[in-house]
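>>> structure for the following, please:
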Amino acid sequence: MAIFSFLKSKPILFVSIAGTATGVACFIKDLMQGGKFTKSTDETGKVVIVTGSNTGIGKETVMDLAKRGATVYMACRDMKKCEEAREQIVLESKNKYVYCRECDLASLDSVRNFIAAFKREQDKLDVLINNAGVMRCPRSVTKDGFEMQLGVNHMGHFLLTNLLLDLLKKSAPSRIVNVSSLAHTRGEINTGDLNSEKSYDEGKAYSQSKLANVLFTRELAKRLEGSGVTANALHPGVVDTEIIRHMSFFTNFFAGLFVKPLFWPFVKTPKNGAQTTLYVALDPELEKVTGQYFSDCAAKEVAPAGKDDTTAKWLWAVSEKWTRAQIINLEKD
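Presented below is the predicted three-dimensional model:
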């Protein structure tokens with residue numbers, strides 16, 4: 001038909017195909033952004049800590065909290081990047097009560113120092129958001145000898161949370177939000193080699209650490225029952241952040257040129273990746289909800305391994321043992 005004769009021109013045909021593909025990709029991208037926390041809340045007077053908040057989901061979480069009037073402490077390892085992010089957040093949110101504080105979750109001493117400094121400045125804590133994490137990194141250990149993913153994603157947050165429970169209880173109703181991952185469904189707590197000393201698989205170690213987040217949340221919620229402090233975990237979605245920096249498949253030249261564009265429609269932006277965190281941290285309807293797991297701003301079922309109370313108790317006991325000296329020392333300070 002004459003109406004389609006323009007398609008005989010190859011340049012026009014290629015442009016048409018490219019335009020259609022781009023339109024479809026954008027449509028898929030929009031669908032994949034997931035649920036959004038759209039409620040308007042006033043967080044003026046609330047004090048919030050967000051770990052790993054100088055980039056990605058954490059930064060977007062702080063930005064939103066600041067715009068709602070919260071006093072936010074950005075607990076980060078890299079102070080230069082943290083200060084750069086803080087300045088941007090303060091300018092955009094017009095909220096000067098956003099602070100950078102050093103907290104390296106790969107060092108229990110750094111966690112202790114952060115806690116001590118925070119308690120000198122604040123006598124309350126309304127929300128603790130354990131957001132920081134590392135993913136699929138080559139085997140290395142923290143300053144205390146923990147496998148890096150287990151140490152940063154779980155042990156550091158375990159110590160941080162426990163040492164802040166007094167302020168959280170004092171500030172009740174208050175909330176603890178643990179950013180886990182769908183990867184917990186592939187996880188297994190290796191009770192015979194928790195620290196991956198006998199063998200190491202970066203994917204299995206990551207999944208184990210994310211399952212640890214879920215089990216920690218479950219046990220913590222039980223221990224806090226009746227205190228007015230809730231503890232919940234969440235999966236933020238597949239988000240385009242710096243957490244993939246250790247995955248060579250996504251960082252080499254070929255992947256950057258050909259593979260990443262194919263994944264682009266299927267991943268969330270950091271802003272959309274922060275929505276479930278904000279939902280769990282702020283939604284008034286969740287004030288008394290605890291021990292649950294969320295994704296796309298809705299409650300979801302965890303994997304069977306995430307409901308194993310025996311393993312949750314075992315993991316708590318080991319985590320307590322491995323961090324006990326730091327807890328005792330801080331209590332003596």
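>>> from now on I want contacts and neighbour counts done on CA atoms only, so please keep to that.
Fine.
>>> now the stretch 151-300 of the chain, which segments are flagged as low pLDDT?
For the stretch 151-300 of the chain, the stretches with pLDDT under 70 are 239-266.
>>> could you pull out the helices for it?
Using DSSP state H, counting those that start in this stretch, the helices of the stretch 151-300 of the chain run over 156-170, 202-223, 248-251, 253-254, 260-263, 270-273, 275-282.
>>> pick the most buried one from the ones you listed.
Most buried of those by mean neighbour count (mean count of other Cα atoms under 10 Å) is helix 275-282; its value is a mean of 26.
>>> any idea which residue sits dead centre in the chain?
Nearest to the geometric centre of the chain sits Asn131, at 3.0 Å (Cα atoms, centre = their mean).
>>> circling back: out of the helices of the stretch 151-300 of the chain, flag the one nearest Val238.
Evaluated over these, closeness to Val238 peaks at helix 270-273, with 7.6 Å, by Cα to Cα.
>>> show me what that closest one is packed against.
helix 56-67 (3 or more Cα pairs under 8 Å, 6 or more residues apart in numbering; DSSP states H and E).
>>> which secondary structure elements does the helix it packs on contact?
Other elements packing on helix 56-67 under the criterion 3+ Cα pairs under 8 Å, 6+ apart are strand 47-51, strand 71-76, helix 79-93, helix 270-273, helix 275-282.
>>> please tabulate the ones you listed in a markdown table, including the columns distance to Phe114.
Formatted as a markdown table, those follow (distance: least, Cα to Cα, whole Å):
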| stretch | distance to Phe114 |
| --- | --- |
| strand 47-51 | 11 |
| strand 71-76 | 8 |
| helix 79-93 | 13 |
| helix 270-273 | 26 |
| helix 275-282 | 22 |
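>>> not counting sequence-adjacent ones, nearest residue to Leu168?
In this structure, Leu168 finds its nearest non-sequential neighbour in Leu125, 5.3 Å apart by Cα to Cα, 6 or more residues apart in numbering.
>>> show me the contacts for the one you found.
By Cα atoms under 8 Å, 6 or more residues apart in numbering, the contact list for Leu125 reads Lys46, Val47, Val48, Ile49, Leu167, Leu168, Ser171, Ser174.
>>> return the distance of it relative to Asp296.
According to Cα to Cα, to the nearest Å, Leu125 and Asp296 sit 26 Å apart.
>>> just His157 next, same as before
Relative to Asp296, and taking Cα to Cα, His157 is found at 23 Å.
>>> and Thr269, by the same measure?
Distance, Thr269 to Asp296, using Cα to Cα: 13 Å.
>>> next one: Gly203
Remark: distance between Gly203 and Asp296 (Cα to Cα) = 24 Å.
>>> hmm, back to that, ok, which of the helices of the stretch 151-300 of the chain comes nearest Asp144?
helix 156-170 (10.2 Å).
>>> I appreciate the help and will end here.
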